[in-house]
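1. What would the 3D arrangement of this be:
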Amino acid sequence: KAAARDPKVMAIKATLYRVGKNSPVVKALMEARENGKQVAVLVELKARFDEENNLEWARAMERKGVHVTYGVEELPVKTHAKIALVVRREQNGLRRYVHLGTGNYNASTARLYTDLGLFTADEEITEDAVRLFNRLTGYAPDTKYKRLLVAPESLQRNLLQLIDNEIEAVQQGDYGRLVFKMNQLEEDVMIQKLYEASQAGVQIDLIVRGFSCLVPGVPGVSENISLRSILGSFLEHPRIFYFHNAPDDQRLYAGSADLMRRNLYNRVEVVFPIMNKAL
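-> Residues are numbered from 1 along each chain as shown. So this is what the prediction gives:
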């Protein structure tokens, strides 16, 4: 709402996966367009249970002049990433602000799910966000990112490299540790890599709310892996990934992706670094 009404804001871009029936976010985007701002929104029409809501809102936004796209045409994937970008004119030129989240921009689930969001003006992250929106709304298949881990192109590869880094640290006599929190754990390559890390001596804590295809505590295979599920008043929804021996700016990530085949191979997902030590 603040961006929609700010005369210095030039443009707003956002991804909408699960919109819901009464969407204050969509209403603010339409208000921004009425106020003369460039507004571009990617609406995922294949969001289960929300297809009808999403289509209705997409048509309403189009009638207001919002540039609406419906997924990445050359990729048979859903856009599951949660990202919003605001471009604002300031004294030193244009400045970009980005929100990256683990949960949908949905007023109903926001009251029922626990989620994390990062609001940042970091230049490398905001530049990556611009690249991502170019990728989503145009044709830019060879897009490279400095800070964001993006599926289906590079997320799994980067996670495997970070796990390998923990394995190498232990092999050199250091302490290695991984802490992952997610909704589901199912993808076989990631599970095999976690077994490999456990066998190397990396201490691994997994917090998986739903189902897990990894079996902890198997002698010679996964004795260094603990697995727990948290059930509470709200649905545990954030995905968080911690790598003990990674550089400071790659030690902690959060994002939209579970370690599932569909998330790593068949969806556009964004996992983002938490680089500020206070956070």
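2. tell me which element Glu85 is part of?
-> Quick fix: residue 85 reads Leu, not Glu. strand 83-90 (DSSP states H and E).
3. what stretches of the stretch 51-200 of the chain score poorly on pLDDT?
-> 71-76, 139, 141 (pLDDT under 70).
4. again, 50 this time
-> Of all residues in the stretch 51-200 of the chain, none has pLDDT under 50.
5. those helices in it, which residues are they?
-> 51-63, 123-137, 155-171, 188-200 (DSSP state H, counting those that start in this stretch).
6. Packing partners of the longest one?
-> This points to helix 155-171. Applying 3 or more Cβ pairs under 8 Å, 6 or more residues apart in numbering; DSSP states H and E, we find helix 155-171 packed against strand 149-151, strand 177-182, helix 188-200, strand 239-243, helix 261-265, strand 267-273. Quick note: C-beta positions are derived from backbone N, CA and C, even for glycine.
7. Over to the last one?
-> Counting contacts by 3+ Cβ pairs under 8 Å, 6+ apart, helix 188-200 is packed against helix 155-171, strand 203-208, strand 225-228.
8. would you list these in CSV and tack on mean neighbour count and distance to Arg111?
-> What follows is the helices and strands packed on helix 188-200, written out as CSV (neighbours: other Cβ atoms under 10 Å; distance: least, Cβ to Cβ, whole Å):
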stretch, mean neighbour count, distance to Arg111
helix 155-171, 18, 29
strand 203-208, 19, 22
strand 225-228, 16, 25
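9. Serialize these to a markdown table and add fields for distance to Val77.
-> Listed next are the helices and strands packed on helix 188-200 as a markdown table, based on distance: least, Cβ to Cβ, whole Å:
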| stretch | distance to Val77 |
| --- | --- |
| helix 155-171 | 12 |
| strand 203-208 | 23 |
| strand 225-228 | 29 |
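10. Quick one: closest of these to Phe243.
-> helix 155-171 (4.6 Å; Cβ to Cβ).
11. now the closest one and helix 188-200, what's the angle there?
-> 10 degrees (axes from the mean of the first three to the mean of the last three Cα atoms, to 10 degrees).
12. begin at 56 from here
-> With the count now opening at 56, the last piece we talked about shows up as helix 210-226.
13. Run through who's touching helix 210-226.
-> Contacts with helix 210-226, where a contact means Cβ atoms under 8 Å, 6 or more residues apart in numbering, come from 204, 230-233, 242, 244-245, 248-249, 251-252, 255-257, 296, 298-301, 305, 312, 314, 319-320, 324, 326.
14. So among those residues, which ones count as buried?
-> 204, 231-233, 242, 245, 248-249, 252, 255, 257, 296, 298-301, 305, 312, 314, 319, 324, 326 (16 or more other Cβ atoms under 10 Å).
15. measure Gln239 to Gly172 for me?
-> Applying Cβ to Cβ, to the nearest Å, the value for Gln239 to Gly172 is 21 Å.
16. swap in Thr164?
-> From Thr164 to Gly172 the distance is 13 Å (Cβ to Cβ).
17. Need the overlap of contacts for the two.
-> Gly158.
18. got the CA coordinates for stretch 290-303 in CSV?
-> The C-alpha trace of stretch 290-303 is given here as CSV (Å, rounded to 0.1, in the frame of the first residue of the first chain):
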residue,chain,number,x,y,z
LEU,A,290,1.5,-24.6,10.5
GLU,A,291,5.3,-24.6,10.4
HIS,A,292,6.1,-23.4,6.9
PRO,A,293,9.5,-21.7,6.6
ARG,A,294,12.4,-23.4,4.8
ILE,A,295,15.7,-22.6,6.4
PHE,A,296,19.2,-24.0,5.5
TYR,A,297,22.3,-23.6,7.7
PHE,A,298,25.8,-24.5,6.6
HIS,A,299,28.4,-24.2,9.5
ASN,A,300,31.6,-23.9,7.4
ALA,A,301,30.2,-21.7,4.6
PRO,A,302,31.4,-18.2,4.1
ASP,A,303,29.5,-15.7,6.3
